[in-house]
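>>> Let me see the structure of the following:
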Amino acid sequence: MSKTPRALRRLASPLALVAMLALLAGCASVTPIQRLLDDPGRYDGKSVKIEGRVRESAGAFGLGTYQVQDNTGTLTVVSQSNGAPRTGDRIDVKGIFQALFTLGSRSLAVLREQSRSFP
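A predicted model of the protein is given here:
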């Protein structure tokens, strides 16, 4: 019997591990909006991914702002290249979280959009 099947099995196991790690690295976890607003200092300047429904939007000349609401809260998203999606769209957004200020128990923050998709 040939040694080729055994060699293929040895090679397949590390390849499967590499493929799994690449898949997991590409799947950024979704951060609930309320978690961002409850601890803005922890996420300030960091890349995060949110998902939800577009509540309000306005845009012109490729610029836009819109609000994304999930089941925990609402966050304003600023787009500098994609304009604004339509109100009511379901959306996933990846961007840089910016905590602008906190006053008492309320935080004002935005997400600077890097990419978006419509699941």
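>>> Which residues does stretch 80-88 contact?
Here stretch 80-88 makes contact (CB atoms under 8 Å, 6 or more residues apart in numbering) with 53-60, 62-66, 91, 112-113, 116, 118. C-beta: built from backbone N, CA, C; applies to glycine.
>>> how about a cut-off of 6 Å?
Taking contacts as CB atoms under 6 Å, 6 or more residues apart in numbering, the residues outside stretch 80-88 that touch it are 54, 57, 58, 59, 62, 64, 66, 91.
>>> Out of those, grab the one that's most surrounded.
Counting neighbours by other CB atoms under 10 Å, the top entry in those is residue 66, with 25 neighbours.
>>> beta partners of that residue?
Using DSSP bridges, the bridge partners assigned to residue 66 are residue 57, residue 77.
>>> show me where pLDDT drops low in the protein?
Scanning the chain for pLDDT under 70 picks out 1-28, 105, 107.
>>> what residue is smack in the middle of this protein?
residue 49 (1.5 Å; CA atoms, centre = their mean).
>>> Count the residues that sit near residue 85.
Residue crowding around residue 85 was assessed by other CB under 10 Å; the count is 20.
>>> Oops, could you answer that again for residue 119 instead?
6.
>>> so what does the helix or strand residue 52 falls within touch, helix or strand wise?
Mapping residue 52 onto the secondary structure by DSSP states H and E places it in strand 47-60. Based on contacts counted as 3 or more CB pairs under 6 Å, 6 or more residues apart in numbering; DSSP states H and E, the elements that strand 47-60 packs against are strand 63-69, strand 90-103.
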